[in-house]
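K.L.:
I'd like to go over a predicted model; first the sequence, then the structure.
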Amino acid sequence: MSANIKRLKLRIRSVESTLHLTKAMQLVASGKIRRATEMLAASRSYSDAVKSVVTALAKSPECAASPYIAGHKGSESAEKTLLIVIAGDRGLAGGYNANAFRLADTVGASEIVPIGKRSVDRALSGSHGRMSPLSEGFPTEHFKPEDAKALSERICESYLGGNIDRVMIVSTRYVSVLTQNAVLSQLLPLDENASRELFSNRGRNQLKNQKENDTAEAEHEIASAASMIFEPSPEAVLKVAIPEYLSSMIYGAVRESFASEVAARRFAMDSATKNGIVMKDNLSLEYNRARQGAITQEIVEIVAGAGE
C-alpha cells in the first residue's frame, strides 16, 4: 500500500512539473501572437500590392515570351522543381509541422530550400529530397526582409540559368487563432493563378469556395491591369519586379507560417494544460483514497492488537 502511495505522489509531482511548463509556454505564445499578427498584416498589404503589379504584367502580351511566364519550354530533361518548405523552429505546436511536411512529401521536389529549424533538420535527413545549394537554414521567427531578398535573387539567377524549371512553396496560412491550413503554391513560372494556393488540407467544399473567391479576385485584377501603364516597357518592369515579387511572397509566407505556429502552440499548450489539470485531479483523488485506505488499515491493526 505504501509503495502505491509513493508512486502516486511521484506521478502527481511529475504532472505538476509538466503543468508549469505548459502554462509558461502558453503565456509565451499568447504574448507573441499580437506581434506576429501585426507583422503578418503588414506583409500581406505589401505582398498584395506587388502581386497586383506582377499579375498585370503576367497578362501583358509583351511578357508572354519571358521565361518567368512561359517557363523553360525547350527543356528536354525532366522538370526540376525547387520546393521551399517553411516549418517551425520548435515543436509542441500540435500538427503544425506535421501538416507542412505531409504536404511537402506529395511534391516530389528535386531540391529543397528549408526555412525553420525543424524543416532544416528534416531536409538534412533527406526526407523531402536533396538539400538545395541555395539553402542557408533561415529560422522563421527572426526571418528578415533582407533574407527573403537575398534568397529570391539566388532563386531567380538559378531559374534563368536553367538549373530549375519550377519554384513552389509549402507554408501555413493563418486563418484564425484556432484555424491554420497548410498550403502549396507555385511561384515560378507565373500564370493566371500565380501565387494562389494549388492545394490545401481543407475539405472539398472549402476548396470550392476558395476557387470561387479566386475567380472574383481574378476579375478584379483584370480590371485593375487594364488601367496600368508600364515604362519603359512591360518586359523591363517584369525583369525588375520578379525578384521583388518573389521576395515579398517568401517573406509573407514566412510571416503567415510563424503566426500559425504561435497560434497552434498556444492552442496545443492550452489543451495540454487542461488535460494535465484533469489528470492531476484524478491522481489526487486516487492518492487520497489510497492514503485513506492505508490509515484505515493501520487503525484496524492497532485495534486488533489492543484486543489481543
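P.N.:
Okay, I see it. Numbering: from 1, shown residues only.

K.L.:
ranges for the helices of this structure?
P.N.:
2-58, 67-70, 96-104, 117-124, 145-160, 204-226, 234-307 (DSSP state H).

K.L.:
I'd like to know which of these is closest to Glu79.
P.N.:
Nearest to Glu79 among the helices of the chain is helix 145-160 (12.5 Å), distances taken as C-beta to C-beta. Where you see a C-beta, it was placed from the backbone N, CA and C, and this is true even at glycine.

K.L.:
list the helices and strands that closest one packs on?
P.N.:
helix 67-70, strand 81-86, helix 234-307 (3 or more C-beta pairs under 8 Å, 6 or more residues apart in numbering; DSSP states H and E).

K.L.:
run the last query once more with 10 Å
P.N.:
helix 2-58, helix 67-70, strand 81-86, strand 111-115, strand 166-174, strand 180-188, helix 234-307 (3 or more C-beta pairs under 10 Å, 6 or more residues apart in numbering; DSSP states H and E).

K.L.:
before we move on, the earlier item: with distance to Val167 as extra columns, can I get the helices of the chain in CSV?
P.N.:
What follows is the helices of the chain, written out as CSV (distance: least, C-beta to C-beta, whole Å):
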stretch, distance to Val167
helix 2-58, 14
helix 67-70, 10
helix 96-104, 14
helix 117-124, 16
helix 145-160, 6
helix 204-226, 20
helix 234-307, 8
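
K.L.:
what's the closest of these to Pro133?
P.N.:
helix 145-160 (8.7 Å).

K.L.:
Let me know the angle separating the closest one from strand 180-188.
P.N.:
Between the axes of helix 145-160 and strand 180-188, defined by axes from the mean of the first three to the mean of the last three C-alpha atoms, to 10 degrees, the angle is 50 degrees.

K.L.:
pLDDT below threshold where in the stretch 51-200 of the chain?
P.N.:
Low-confidence segments of the stretch 51-200 of the chain, defined by pLDDT under 70: 73-78, 127-129, 191-200.

K.L.:
switch the cut-off to 90
P.N.:
51-80, 90-94, 107-111, 120-142, 160-163, 176-179, 189-200 (pLDDT under 90).

K.L.:
ditto for the stretch 201-308 of the chain
P.N.:
Ranges of the stretch 201-308 of the chain meeting pLDDT under 90: 201-241, 287-308.

K.L.:
rerun at 70
P.N.:
Residues of the stretch 201-308 of the chain meeting the criterion pLDDT under 70: 201-227, 306-308.

K.L.:
returning to that earlier point: in a markdown table, list the helices and strands packed on helix 145-160 along with mean neighbour count and distance to Glu153.
P.N.:
Shown next, in a markdown table, are the helices and strands packed on helix 145-160 (neighbours: other C-beta atoms under 10 Å; distance: least, C-beta to C-beta, whole Å):
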| stretch | mean neighbour count | distance to Glu153 |
| --- | --- | --- |
| helix 2-58 | 16 | 15 |
| helix 67-70 | 18 | 14 |
| strand 81-86 | 26 | 14 |
| strand 111-115 | 26 | 13 |
| strand 166-174 | 24 | 13 |
| strand 180-188 | 22 | 13 |
| helix 234-307 | 18 | 5 |
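
K.L.:
And this protein, what are its domain boundaries?
P.N.:
Listed domain ranges for the chain are 2-25+268-307, 34-265 (source: automatic domain parsing).

K.L.:
Please report how far Tyr174 lies from His20.
P.N.:
Noted for Tyr174: a distance of 29 Å to His20, by C-beta to C-beta, to the nearest Å.

K.L.:
One more: Val278?
P.N.:
The value you get for Val278 to His20, if C-beta to C-beta is used, is 16 Å.

K.L.:
now Gln26
P.N.:
11 Å.

K.L.:
joint contacts of those two?
P.N.:
Taking C-beta atoms under 10 Å, 6 or more residues apart in numbering as the criterion, Gln26 and His20 both touch Thr273.

K.L.:
show me what contacts Met39?
P.N.:
251-252, 254-256, 258-259.

K.L.:
Quick check, Arg102 in contact with Tyr96.
P.N.:
No - the pair Arg102 and Tyr96 fails to qualify as a contact (C-beta atoms under 10 Å) at a distance of 11.2 Å.

K.L.:
Neighbour count for these two, which is higher?
P.N.:
Taking other C-beta atoms under 10 Å, Arg102 and Tyr96 do not tie; Tyr96 has more neighbours (26 against 13).

K.L.:
Contact partners for that one?
P.N.:
Counting by C-beta under 10 Å, 6+ apart, Tyr96 touches 87-88, 90, 118, 172, 180, 182, 257, 260-265, 267-268.

K.L.:
cool, and Ile33?
P.N.:
Contacts of Ile33 by C-beta under 10 Å, 6+ apart are 177, 259, 262-263, 265-266.

K.L.:
go on, Val167?
P.N.:
By C-beta under 10 Å, 6+ apart, Val167 lies in contact with 81-84, 109, 111, 113, 152, 155-156, 158-159, 185-189, 246, 249-250.
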